[in-house]
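> fold the following, please.
(one chain, ligands or ions: 2)
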Amino acid sequence: MTNSNLSSAEFKSNLIAKINGKTKPVGSLGKIEKLAEQIAISQHTLSPVMNACRLTIFAGDHGMANAGVSAFPQIVTQQMVLNFLSGGAAANVFARSNNVKIQVVDAGVACDPINHPHLISHRIAPGTKNAITESAMTKEQAQRAIVFGKNIGNNENFQAECFGEMGIGNTSSATLIAHKILGLSLDTLTGRGTGLDDAGLARKRDLLKQAANRTNEHLSPMVAMQEYGGFEIAMMAGAMIGAAESEKIVIVDGFIATSAALIAQQISPAIKQNLVFAHVSEEQGHLALLDAIGAKPLLNLDMRLGEGTGALLAWPLVKAAAAMLNEMASFESASVSNIT
Ligand SMILES: O=C(O)c1ccc[n+]([C@@H]2O[C@H](COP(=O)([O-])O)[C@@H](O)[C@H]2O)c1
Ligand SMILES: Cc1cc2nc[nH]c2cc1C
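Residues are numbered from 1 along each chain as shown. Ligands and ions are numbered 1, 2, ... in the order given. Alright, predicted model coming up:
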């Protein structure tokens, strides 16, 4: 019987038998075993292919950045886009060292359109509106961002996709999104982002309270995104849905990427199976957000950069999990004694 003729329960039971039959005590490869299960289930085969991965970085600006929610000025978003394009950012370096292709998407940076042959331009607007006082984007803009993101994720050439972001002010968007969708407290979720000092953090907390008070206590994922932004988060959520629907493993990066994953999995719950959470970021709210959605991250490296850097470092683990399933000897093939 081929894998496609098996019921999902039979397939799962064959998969567990294959993993448990490898030359190791049952469960001894911990999260790598769970990862191998996820990969095999996403490709519907006990012998999955896992050799090509791509990083897409979505960049977008936030009206509320100018209100004082970040340690850095808004212009850094466009400057970092140029840095990605010339290959000098941490994401470029980690991608090169792990053989991952990169593409950069301008989802709505607050400047004139950037003319560069390798930049994918899908500018929804030159930055969102100031979400402290008004909706960050219109419903039509949010929908357009999701649809474009879906098209990016939906391709045949990679078995895994990392999604990264760049956007000064976007820890504020991620905080407000998680607060409105999950009901976690603003105090738990609000952190220092790019590095606010104590006074800056107190100002950010005040501003985010004002922003939160402007809307209902609980919001749907689409409305939370519309109210609090940003274009790069909306596009990333769409890309996660598109990639998972085309049977890829989606490697989720840090705090902001997890807020996009939250939106994506609420819109399309079946994609949960394909999401791999790369790391827990140092950003204050990330652990609480991961716990609230039941996600178990692979790494804890005290990182808080974004750009997809955590996802890139988890890619070798994803590859290793597939290799374990495909190449590791079984007790039977290696004639190793097993407990009976
Ligand atoms: O990925 C994370 O966990 C993360 C945590 C803190 C900051 N960042 C990055 O820093 C920027 C947002 O920080 P902020 O303080 O401007 O809201 C944005 O470009 C993110 O990529 C990213
Ligand atoms: C320099 C810099 C690089 C970044 N990469 C992602 N977010 C960032 C924020 C800053 C400030």
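> show me what contacts the residue sitting nearest the centre point of the chain?
Most central in the chain under Cα atoms, centre = their mean is V252, positioned 3.0 Å from the mean C-alpha point. V252 makes contact with F163, M240, T258, A260, A261, L275, V276, F277, A278, A295, A311, according to Cβ atoms under 8 Å, 6 or more residues apart in numbering. The way it works is simple: take the backbone N, C-alpha and C, and place the C-beta from them, glycine included.
> again with T194
S70, A71, F72, I168, T171.
> which among these gets closest to ligand 2?
F72 (4.1 Å; Cβ to the nearest ligand atom).
> what's the spacing between that closest one and ligand 1?
6 Å (Cβ to the nearest ligand atom, to the nearest Å).
> now do the SS call for that residue.
Per DSSP: H, G, I helix; E, B strand; the rest coil, the local secondary structure of F72 is coil.
> what's around it, how many residues?
16 (other Cβ atoms under 10 Å).
> my guess is it contacts I168. True?
Yes: the pair F72 and I168 qualifies as a contact (Cβ atoms under 8 Å) at a distance of 5.3 Å.
> point out the residues in the stretch 101-250 of the chain that sit beside ligand 2.
M166, T194 (Cβ under 6 Å from any ligand atom).
> dump the contacts of T194 to CSV, plus pLDDT and distance to A90.
As requested, the contacts of T194 are exported to CSV (pLDDT from 0 to 100; distance: Cβ to Cβ, whole Å):
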residue, pLDDT, distance to A90
S70, 98, 18
A71, 98, 18
F72, 98, 15
I168, 98, 16
T171, 98, 17
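> filter these down to the buried ones.
Taking 16 or more other Cβ atoms under 10 Å as the criterion, what is buried in the contacts of T194 is S70, A71, F72, I168, T171.
> farthest pair in those?
Across the buried ones among the contacts of T194, the longest distance by Cβ to Cβ is 11.2 Å; it joins F72 and T171.
> and the residue in the stretch 201-340 of the chain that ligand 2 sits nearest to, helix, strand or coil?
Using Cβ to the nearest ligand atom, G306 is the residue of the stretch 201-340 of the chain that sits closest to ligand 2, at 4.2 Å. What three-state DSSP gives for G306 is coil.
> now the helices for the stretch 51-200 of the chain?
Along the stretch 51-200 of the chain, counting by DSSP state H, counting those that start in this stretch, helices occupy 75-85, 90-97, 139-153, 170-182, 186-189, 198-213.
> give me whichever of those is most buried.
Comparing the helices of the stretch 51-200 of the chain by mean neighbour count (mean count of other Cβ atoms under 10 Å), helix 170-182 ranks first with a mean of 28.
> wait, does that helix make contact with ligand 1?
Yes: applying Cβ under 6 Å from any ligand atom, one finds that helix 170-182 is in contact with ligand 1 at N170, T171, S172.
> using PDB, list the CA coordinates for that helix.
The C-alpha coordinates for helix 170-182 follow below in PDB (Å, rounded to 0.1, in the frame of the first residue of the first chain):
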ATOM      1  CA  ASN A 170       6.900  46.600  14.800                       C
ATOM      2  CA  THR A 171       7.400  45.200  18.400                       C
ATOM      3  CA  SER A 172       4.600  47.600  19.200                       C
ATOM      4  CA  SER A 173       2.300  46.100  16.500                       C
ATOM      5  CA  ALA A 174       3.200  42.600  17.500                       C
ATOM      6  CA  THR A 175       2.400  43.400  21.200                       C
ATOM      7  CA  LEU A 176      -1.000  45.000  20.400                       C
ATOM      8  CA  ILE A 177      -1.900  42.100  18.000                       C
ATOM      9  CA  ALA A 178      -1.100  39.500  20.700                       C
ATOM     10  CA  HIS A 179      -2.900  41.500  23.400                       C
ATOM     11  CA  LYS A 180      -6.100  41.900  21.300                       C
ATOM     12  CA  ILE A 181      -6.300  38.400  19.900                       C
ATOM     13  CA  LEU A 182      -5.200  36.400  23.000                       C
END
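> run the angle between it and helix 198-213 for me.
Per axes from the mean of the first three to the mean of the last three Cα atoms, to 10 degrees, the angle that helix 170-182 makes with helix 198-213 is 40 degrees.
> mind giving me the packing neighbours of helix 170-182?
For helix 170-182, the packing partners by 3 or more Cβ pairs under 8 Å, 6 or more residues apart in numbering; DSSP states H and E come out as helix 186-189, helix 198-213, helix 221-228, helix 231-245, helix 255-267, helix 286-292.
> would JSON lines of the ones you listed with distance to ligand 1 and mean pLDDT be doable?
Below are the helices and strands packed on helix 170-182 laid out as JSON lines (distance: least, Cβ to the nearest ligand atom, whole Å; pLDDT from 0 to 100):
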{"stretch": "helix 186-189", "distance to ligand 1": "12", "mean pLDDT": "98"}
{"stretch": "helix 198-213", "distance to ligand 1": "8", "mean pLDDT": "98"}
{"stretch": "helix 221-228", "distance to ligand 1": "12", "mean pLDDT": "98"}
{"stretch": "helix 231-245", "distance to ligand 1": "9", "mean pLDDT": "98"}
{"stretch": "helix 255-267", "distance to ligand 1": "4", "mean pLDDT": "98"}
{"stretch": "helix 286-292", "distance to ligand 1": "6", "mean pLDDT": "98"}
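> just put these in JSON lines and tack on distance to V93.
Below are the helices and strands packed on helix 170-182 laid out as JSON lines (distance: least, Cβ to Cβ, whole Å):
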{"stretch": "helix 186-189", "distance to V93": "30"}
{"stretch": "helix 198-213", "distance to V93": "28"}
{"stretch": "helix 221-228", "distance to V93": "31"}
{"stretch": "helix 231-245", "distance to V93": "21"}
{"stretch": "helix 255-267", "distance to V93": "19"}
{"stretch": "helix 286-292", "distance to V93": "23"}
